[in-house]
Each structure stands twice: as C-alpha cells, then as structure tokens.
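1. coords please:
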Amino acid sequence: MTFEKKSVWIKLTLLMIDLLSIYSALLFSLLIRTQTFAVLALEQTWMIFLHFSIIYLILFLLLFLLGFYDIPPIPKPASLFHNLLTFFFLANSTGIIYFYLNFSLLISPKTILLLDISFFCILLMTSRLILYSVLKKIKNKIVCIGLCEEIVELMNNYLPQNGYEISAITSFSKDEANEKIRTALKENNVPLVATIPELWDIAYKNNIKIAVLISKIYQDIPPQIQPISFNHFYEQLTKKISLNLVDALWILDNIPIHGNKLADLIKRITDISLSIVGCILCIILFPIISVIIKVDSTGTIFYTQKRMGKNGKIFIIYKFRTMLQNAELKGPQWASPNDNRMTRTGRVLRRLHLDELPQFFNVLKGQLSMVGPRPERPEFVKELKNKIPFYSIRHIVKPGLTGWAQISYQATNTIEQVEKKLQYDLYYLKNKSFILDFSIIIKTLRNFLP
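-> Numbering: from 1, shown residues only. Here you go, the predicted model:
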C-alpha cells in the first residue's frame, strides 16, 4: 500500500471509530442519567440525539483543527494530552452556547453534555493510544539505492514517526558517503552494503517490498520490489521539496505555469467570501485595536509597506502598526522575534496575528489570495533572487494571507531560513488544489486555539 493510501485509510478508520465512540458515549450518558434501559423509547431521547448531532458537526471540526486526524506522523504524548484538554474545554463550551442560544428548546441537557464529552474524550484518548502503539510496532522496511544528505534528515526526523525503517543502503560511489552520512547510518544501525546483489539478498530475507531510488534508476529490480523515486518519497514524508533535488527540468515537469481557469474562479470566489467576513471582523475590532495602539505609542494606526505580488507586480499591503513609528530610518530590515523596535501592543497583536486583519482588504481587492506564498518586500526579493536558485518561481501565483510555508515553518530573518521556507512554497506550487488550500486554512485557525 502506498504512503498516500495508507494515510487516507488511517484517517477514515479513525473517523468511523470516533463517530461510533461519540454516539456510544451519548447513549451511555443517557442510560446513566435516566437510569432505564428503555432510554430509546423515551420521547425526549430522539430530540436529544438530533440536537447533539448538530453539535457534533462542530466538535468534529474541532478535532480536525486540533490535529487528531494528522496521522502519520505519530504525535508526542504531551501534545496529544494538551490537544485533548483543549478539545474537552471547547467541546463543552460549544454545547453550552448552543443550548443557551436555542433558549426556546424544551430541553437543556447540560449534565448529559458533560457526561457525553467526558466519556468520548476517554474513548478518544484510548483509541489514539492503541493506534499509536500499533503503528510503532508495524514498520515498513525499505532499502535504498544511493546516498544523499537528505537521507540523514529522514532518518533523524521523519522515518520513525511515519512507520518506516531502512534495512540497508548501497552506494555507487565512495564519495557519496561523507562523515555526516556515515555517522547517521551508524547511529540508526543501517548497514551500508557494497553491492546491489547484497542489497537484494537483504530485501529477500526481510520480505522488503519497497526500494527507494536515490542516485540513479537501477534497471534490474526484482519483480517483487516496488521502486519509488527518492524525490517522491522525501516529498510525501516531509511535505516539502529539497532544493538540492530541484533543477530547471524539475520546474518544467512539476510547476504548472498556466493555471486552471475553473480552479482560479473557485479560488477567487472563496477569497471574496472569506475576505468579506475578515473585513467585517476587522471593522468590529478596529475601535479597540486603534485605541490600544494610540495609547501605547505615538504614530499612525495603520502601517503600509510595498510587497511583490503575482508576476512581480508591486502592491501596498496594510497592517496594524506593531513597531515604533520610525522603525526603519536606516532602511528595510528583517524583523526578528525579539525585535526592540516592536511596541508592547505590537507583540500581542503579532502573537495573535491580529496585526494582519487589514490584509483582508488586500484579498478583497485581488492583490492577495487567502492561500499562497507570503509576499516579500521588493528590496529583499532582489537580494534573494541572486542568492537562492528558483526563488522567483514563487511569483507565478498570487501571494497569500497564509500559506503552506507560513504554517509549516518559523518566521524568517536570514537567507538560510528563507531557503528552507522556499522548500514548502515549492511543495505548495506543485500540489496546489482546493483541498490543500482548505487544509492550510484549517491549520492556520489552529494558531488561534489555546
């Protein structure tokens, strides 16, 4: 089974288990509350099921937002427990608000709600722990033909969490195995075999079905072995594209220069719809934010800045001011996490991403999209184009209010960090779709959860 199919089946299985669990928890809660096994025959039972089903739609959205279906990779126990507590609080709050707003209802099952969410959280935690335990024991063993720096990154950060284990690697050249690679192979107990026949012998003895091709395509692959290109394997595990694997031919083969008109139309309609909601939110919060900015420091409420958009077109981006009025007297500078130019209010606004609310007007005007590579300042673009290969390819699409690189990597203030962020931008450009955009928006919303 391919990596993509395995991931989809795991997610669907979890969804079915959670649906069964949440309704079982509700039924059990009703049994405790009514103290009768004839609970299904009670008049109010089906009314409760109806209203709880409406609440469940929101609860499952919360589960997606909190990453309960982002498997693989396997999350750390501390992260799982934190997300579970967050879900418990938000789920109960959602139910209470629902029944409070529907004050005309003859039912207000707050105790049943608390019991239901509590039992479901126990079942949710149990199902995830069992699944993670099983996934850790089930290892997809693979062999690799060839070596590269990226294999070290996979061994250290991605293979164990995604259920893969390298049984052996062979190299066509001694120069491929530098000290860094040899150290990583030793630490992960991966043997470096000398010949291809030795590699196939290990694959046969360990019933290995997958060979990852790194250096070159090897023709005489046994029929029981499924060959996978390293580029594809690396992309599926890391959700980014290594710049070492990118050349002009890769760009031509993988980045669509001309967009799909229907997809572009749907994206624009989505942008307009969501930006209207965002603009309304910005208008509602404007009086509070503007007063806080003015009280904290002298200067304007809004901050405008030139950014580079699609096809290199320059536009003006809007933000709530988060820095001192004369923060750039010495010219354009990279912002840093502990930037002393930032105001106290600015730090809070940036932490909550509220400084970017005015950019919904840029989306409404068509200068930004909701999702895309984040726009950069023209002064920085000029430098980055000269130092990072294929950096300009980001400008074939409209920049975004949020993006795959934005949610997958930290804020950048060095050339090296921009290079790493570009890897995620290339992944987005190669795989952009309505589904990926929706996923990015959902994951962006997680930043606003506790």
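2. Can you pull out the low-pLDDT segments for the protein?
-> Applying pLDDT under 70 to the chain picks out residues 1-5, 38-43, 72, 103-108, 173-176, 216-219, 337, 449-450.
3. residues making contact with stretch 387-399?
-> The contact list for stretch 387-399, computed with CB atoms under 8 Å, 6 or more residues apart in numbering, reads 243, 246, 251, 255, 257, 259, 307-312, 366-369, 372-375, 381, 384-385, 415, 418-419, 422, 425-426, 429, 432. All C-beta atoms are positioned from the backbone trio N, CA, C, and that covers glycine.
4. in that stretch, what counts as buried?
-> Going by neighbour count (16 or more other CB atoms under 10 Å), the buried part of stretch 387-399 is 390-391, 393-399.
5. quick revisit: which of the contacts of stretch 387-399 are buried? Put it as a PyMOL command.
-> The PyMOL selection below is limited to those of the contacts of stretch 387-399 classed as buried (16+ other CB under 10 Å):
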select buried, resi 243+246+251+255+307+308+309+310+367+368+369+372+373+374+375+381+384+418+419+422+425+426+429+432
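6. what's the most distant pair in the buried residues of stretch 387-399?
-> 390 and 398 (18.4 Å; CB to CB).
7. re the thing from before, for the buried residues of stretch 387-399, which one is nearest residue 160?
-> residue 390 (31.0 Å).
8. any idea how far that closest one is from residue 384?
-> Going from residue 390 to residue 384 by CB to CB, to the nearest Å gives 11 Å.
9. again, but for residue 178
-> 28 Å.
10. cool, residue 443 as well?
-> 25 Å.
11. Surely residue 168 is in a strand?
-> Yes: membership of residue 168 in a strand is supported by DSSP: H, G, I helix; E, B strand; the rest coil.
12. which residues does it form a beta bridge with?
-> Residue 168 has these beta-bridge partners by DSSP bridges: residue 143.
13. What count of nearby residues applies to it?
-> Residue 168: 22 surrounding residues under other CB atoms under 10 Å.
14. and it, what is it in contact with?
-> Residue 168 neighbours (CB under 8 Å, 6+ apart): 143-144, 190-193, 198-199, 202-203.
15. redo that, cut-off 10 Å
-> 141-145, 185, 190-193, 198-203, 206, 208 (CB atoms under 10 Å, 6 or more residues apart in numbering).
16. So what's the residue count around residue 295?
-> 8.
17. Distance of it relative to residue 286?
-> Relative to residue 286, and taking CB to CB, residue 295 is found at 15 Å.
18. same thing with residue 184?
-> Applying CB to CB to residue 184 and residue 286 gives a distance of 52 Å.
19. related to what we said a few turns ago, wait, which of the buried residues of stretch 387-399 is closest to residue 102?
-> The closest of the buried residues of stretch 387-399 to residue 102 turns out to be residue 398 (CB to CB; 40.7 Å).
20. SS state for the closest one?
-> Relying on three-state DSSP, one would call residue 398 coil.
21. Now the phi/psi pair for it, please.
-> Per-residue torsions, residue 398: phi -70, psi 130 (degrees, to the nearest 10).
22. Quick check: neighbours shared by residue 390 and residue 384?
-> residue 422.
23. looking at it, residue 102 is touching residue 95, isn't it?
-> No: using CB atoms under 10 Å as the test, residue 102 is too far from residue 95 to be in contact (11.0 Å).
24. between those two, who's got more neighbours?
-> Between residue 102 and residue 95, residue 95 has the larger neighbour count (other CB under 10 Å), namely 23 against 12.
25. For that one, which non-adjacent residue is spatially closest?
-> Residue nearest to residue 95 in three dimensions, not counting chain neighbours: residue 113, with 4.3 Å by CB to CB, 6 or more residues apart in numbering.
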